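Colleague: Just the structure for this:
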Amino acid sequence: MLNREQYLLTKAAEECSEISQILMSALKTQQFGMRENKPEEPTNKERVHAEINDLMALIDMLNEECNLNYNRHDPWNAEQIAKKKERVNHWYNYSVPIGRVEKPEEPVVAVALTGGGDPSDPSYKELREDGQQKEYLVLAEEEIKKGFVRPVRSTYIHTGERPKYPLRDLTDEEQERYKFEGYTKYETYPESESPACGRYWSFKQLQSGCGHSTTMGKKLSETYARDPKFYGATYCSNCGTHFPVREFTWEGTDEKVGS
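Modeller: I've put the predicted structure just below:
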């Protein structure tokens with residue numbers, strides 16, 4: 001006989017198996033469009049949403065009852081999601097020139113490089129001796145002219161990440177479970193943060209941030225002002241390497257870079 005946790009895990013597995021229904025809905029969407037529907041029936045978009053919602057309901061229940069503690073905004077999860085997006089886009093960009101995927105007639109957002117190079121040449125990501133890239137991707141002038149949604153700021157502070165709520169020590173069970181992840185503390189979220197329960201912190205995360213400032217050039221500053229979420233990581237001139245933007249705060253404010 002299944003206990004409650006086993007039951008929820010079984011139901012979650014069932015929902016995961018129904019991912020094929022989402023894929024079929026996506027194929028229908030490709031043929032007929034996201035808004036296509038039969039009379040008095042949901043649109044393809046609504047069908048896709050329904051399948052995702054079914055899975056998310058089980059994830060919420062596992063969070064609440066089984067200590068799954070999944071939160072897509074947890075830094076580690078957010079980083080993994082960002083890496084997956086990067087891999088998807090990498091292979092998309094690879095597939096276009098060999099004729100496996102159709103190239104869009106126009107890019108959604110016009111981009112350029114700080115040094116005027118070709119944005120399609122990945123060598124711009126190569127690092128110099130000081131840890132910076134050879135060039136950085138920025139929004140093109142035509143995109144910048146559309147206006148800023150944030151102030152144009154050029155200097156940020158490497159403040160690191162810090163918990164918002166009180167920390168507790170890990171239980172013996174948690175120490176055993178996460179001994180390879182390096183977690184040392186757990187931050188418990190209040191009910192207002194539901195369905196997220198909290199997050200684990202490693203010693204390295206709790207000690208992150210050197211406190212030094214870094215000043216960017218105009219093109220980078222304007223790109224942040226036009227699209228605050230354009231970058232997932234940025235450079236610390238003191239540490240000589242890149243870190244997730246969540247580790248930085250705009251100088252003279254409490255506002256996180258990328259927010």
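
Colleague: Surely F243 is within a strand?
Modeller: Yes. Counting by DSSP: H, G, I helix; E, B strand; the rest coil, one finds F243 located in a strand.

Colleague: Show me the contact partners of the helix or strand hosting Q6.
Modeller: Using DSSP states H and E, the secondary-structure element containing Q6 is helix 4-17. For helix 4-17, the external contacting residues (Cβ atoms under 8 Å, 6 or more residues apart in numbering) are L2, D54, L55, L58, I59, M61, L62, E65, C66. C-beta here means a position set from N, CA and C on the backbone, and glycine is covered the same way.

Colleague: again, but for stretch 211-231
Modeller: In this structure, residues lying in contact with stretch 211-231 by Cβ under 8 Å, 6+ apart are 109, 112, 114, 136, 138-139, 143-144, 146-159, 234-239, 245, 248, 251, 257-259.

Colleague: mind checking pLDDT for E176?
Modeller: As predicted, E176 sits at a pLDDT of 83.

Colleague: So which of the contacts of stretch 211-231 belong to strands?
Modeller: Counting by DSSP state E, the contacts of stretch 211-231 place A112, V138, L139, T155, Y156, I157, H158, T234, Y235, C236, F248 in strands.

Colleague: May I see the residues you listed organised as TSV, with distance to H49 and pLDDT added?
Modeller: As requested, the ones in strands among the contacts of stretch 211-231 are exported to TSV (distance: Cβ to Cβ, whole Å; pLDDT from 0 to 100):
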residue	distance to H49	pLDDT
A112	36	85
V138	34	90
L139	31	90
T155	42	97
Y156	37	97
I157	40	96
H158	39	96
T234	34	92
Y235	38	94
C236	40	94
F248	34	95
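
Colleague: Of the residues you listed - the most surrounded one?
Modeller: When the ones in strands among the contacts of stretch 211-231 are compared by neighbour count (other Cβ atoms under 10 Å), Y156 ends up highest, at 26 neighbours.

Colleague: Please name the residues that touch that residue.
Modeller: Contacts for Y156 (Cβ under 8 Å, 6+ apart) come out as S213, T214, M216, T234, F248, T249, W250, E251, V257.

Colleague: let's see 10 Å
Modeller: By Cβ atoms under 10 Å, 6 or more residues apart in numbering, the contact set of Y156 is 213-216, 221, 224, 234-236, 245, 247-251, 253, 255-258.

Colleague: Of these, select the buried ones using a ChimeraX command.
Modeller: Buried residues within those, as defined by 16 or more other Cβ atoms under 10 Å, are selected in ChimeraX through the command that follows:
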select :214,216,221,224,234,235,236,245,247,248,249,250,255,256,257,258
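
Colleague: What values do phi and psi take at E64?
Modeller: phi -70, psi -40 (degrees, to the nearest 10).

Colleague: Going along the chain, name the helices of the protein.
Modeller: 4-17, 19-32, 44-66, 75-95, 141-144, 172-177, 203-206, 218-226 (DSSP state H).

Colleague: Which stretch among those is buried most, on average?
Modeller: Stretch with highest mean neighbour count among the helices of the chain: helix 218-226 (a mean of 20; mean count of other Cβ atoms under 10 Å).

Colleague: same question for that one, mean pLDDT?
Modeller: According to the model, helix 218-226 has a mean pLDDT of 94.

Colleague: Please state the offset of it from the chain centre?
Modeller: The chain centroid and the centroid of helix 218-226 are separated by 20 Å, computed with Cα atoms, centre = their mean, to the nearest Å.

Colleague: what does stretch 240-256 give?
Modeller: Mean C-alpha position of stretch 240-256 versus that of the full chain (Cα atoms, centre = their mean) differs by 16 Å.

Colleague: With stretch 241-258 instead?
Modeller: In this view, stretch 241-258 has its centroid 15 Å away from the chain centroid, taken as Cα atoms, centre = their mean.
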